[in-house]
Every structure is written in C-alpha cells, then in structure tokens.
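**Q** make a model of this:
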Amino acid sequence: MKEELAKNICRYRKEKGFTQEELSRKLGVTFQAVSKWETAQTLPDITLLPRLSQVLDISIDKLLGYISYDKQITIYEEEYKTQEYYWGMVPSKMCLRVLELMPPSTHLKLLDIGCGEGKDAVFFARNGYDVTAFDISDAGIEKTKRLADNAGVQVKVFKADILDFRLDTNFDILFSSGVFHYVKPQLREEMFSNYKQFTNPNGLHVFNVFVNKPFIDPPPEKEPTACKWVSGELFTYYHDWLIQECSEVIVDCDSSGIPHQHAMNKIITQRYQCKKK
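**A** Okay, here's the model as predicted:
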C-alpha cells in the first residue's frame, strides 16, 4: 500500500497542476515531507488523509488504491447491454497491420486497452495471439467474454479504468483504438512511459486517438470526460522509438445511428532492439 499511496499522491498532484511546494503549503507541511511521501520513504499522518483527499479532489479509497465503481463511468454502459454490437463486429483495420508486422509465429502477448465489446480482442485471439484486455464497462466485459466463448477462444478480460491502471508485466503488443481521449493531458506522459517500460524489445504499440479539427462537427455522443488531443501530440511520446507509421485520417462513422466524421491520428511504433554485431 505504501508504494501505491506514493504513486497516487504524485499522480493526482500533477493532475491538479500543483508543485510539491504548492501542495505542502495547502497541507501545512514541508515540501520535503511531500517529496518523501512520493518516493515512499515515509507515509503521511493518518490525520492528514481527509485534507489530502480534499485538496487532490479524490476519495480516500482512491488515494489508497481502492477503486470504487459504484457510479456509471462510461456513457456506453447502457448501449452495451443490448444484443447488438454498438461498434459492429468488423475488427479495426489496425488489427490487420498488427498481423502483417508481427504475426504470431511465436508466442506473443497482446494487450487491448479499452476493449469495448471485444471485437478486436477476439479477432486477435482467433489469430493465435495470447490476448489480455480490459475495459471500464461491465456490460462490455460480459460481451467480450461471450464473444470469445462463441468463437472458441480465450481472452483474459478484466475491469479497469485507463486513468488508474498501470502495467506491471511485459507485453509484446499494446493495442488501443478510440480510447485515449479519456486520458487527461496531465496523465499522458506518465501513462505512455509506463506502457513503454513494460513492452518487450522489438514490441509494437498500435494506437489511434481522436483529434480536434475546426472543420469537423463534434460527434453526437456527448462524452463529459473526453479531453482534447491536437494533431501530432500522440507522436511526441515516441521520439525515442522507431515509428513505423504515423498518419492523420478522416473517418466516417454511424455508431450512434447518426452519420458523422472523426479526425484521427494513428501511430504504429516499435521498441527497436539493435542487433548485436
């Protein structure tokens, strides 16, 4: 718990835009005390937890690493409860690029970040990858399990919030489509750093993200937790990796029953391992 609390104090302090000194002033402690909390050298006094929770605008449970999902977090929870598949059954075109660039000729571990109803995760499992997937939606997770059962494949799927979940085991491929707009700007550098750290040598990241364009109307889905991305921002997190592809496209969409468009940045990037001479 000590390490989890340390990570959370640091993460949510940065999310609020506070320096260690600013947080220390609000709590009436020294900035050295805050620094020691964030490096897990010491713990804050238990009497400070209510004030710390208030200043960082999160619950004490969340601060300590106990995440509660009592409230509906995603607007798609009800949509996923229907028999129909909200996003359809056709896998993303990015799935085919994964097959081309890193076919599962050996055992490859793949993580689908924000798997929704599971169409991409199950596609990868059917093609021989060892697939793990997570989403915040209970209904989406159940649909993913059902889709995997119907296809006769295994997908290790679990519930997690992209804002809080971080990797502690390595994967060969990280895949995510249409999810990162939920990630707040203050969390992006730390999140991508974690993803890169737990990617095996020569592993791939295959991601896309919605970007704002003045000539495209906002989508019909009203997502209160969505955060803006700008063109090229996604690419900056991979300046030290080999970028196989990076592009910006306009895509047609009718997922809500209302035809509309999105502008998207796509990146396929590799943790390049130099061959020894």
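
**Q** my guess is Tyr182 meets Thr225, correct?
**A** Yes: Tyr182 lies in contact with Thr225 (CB atoms under 8 Å); the separation is 5.7 Å. No exception for glycine: its C-beta is placed from N, CA and C like everyone else's.

**Q** got a list of what the residue nearest to His107 when sequence neighbours are not counted touches?
**A** Leaving aside its chain neighbours, His107 sits nearest to Asp130 (6.2 Å; criterion: CB to CB, 6 or more residues apart in numbering). By CB atoms under 8 Å, 6 or more residues apart in numbering, the residues touching Asp130 are 107-110.

**Q** again, but for Lys196
**A** 205, 237-238, 241, 271.

**Q** secondary structure element for it, which one?
**A** Here Lys196 sits within helix 185-197, counting by DSSP states H and E.

**Q** just to revisit the earlier point, who has more neighbours, Tyr182 and Thr225?
**A** Tyr182 (18 against 12; other CB atoms under 10 Å).

**Q** and that one, how far from Arg126?
**A** Distance, Tyr182 to Arg126, by CB to CB, to the nearest Å: 27 Å.

**Q** quick check: the farthest pair among the contacts of Lys196?
**A** Spanning the widest gap among the contacts of Lys196 are Tyr237 and Arg271, at 12.6 Å by CB to CB.

**Q** thinking again about what came up before, okay, the contacts of Asp130 in TSV with secondary structure, pLDDT and neighbour count next?
**A** Rendered in TSV, the data for the contacts of Asp130 read as follows (DSSP: H, G, I helix; E, B strand; the rest coil; pLDDT from 0 to 100; neighbours: other CB atoms under 10 Å):
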residue	secondary structure	pLDDT	neighbour count
His107	coil	96	9
Leu108	coil	98	20
Lys109	strand	98	17
Leu110	strand	98	26
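
**Q** pull out the buried residues from the helix holding Lys196.
**A** Neighbour counts over helix 185-197 (16 or more other CB atoms under 10 Å) mark 186-188, 191-192, 195-196 as buried.

**Q** I'd like those as TSV, with pLDDT appended.
**A** Formatted as TSV, these follow (pLDDT from 0 to 100):
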residue	pLDDT
Gln186	88
Leu187	90
Arg188	94
Met191	95
Phe192	97
Tyr195	98
Lys196	98
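
**Q** measure stretch 24-34 end to end?
**A** By CA to CA, to the nearest Å, the extent of stretch 24-34 from end to end equals 6 Å.

**Q** with stretch 55-64 instead?
**A** So stretch 55-64: terminal residues 15 Å apart, CA to CA.
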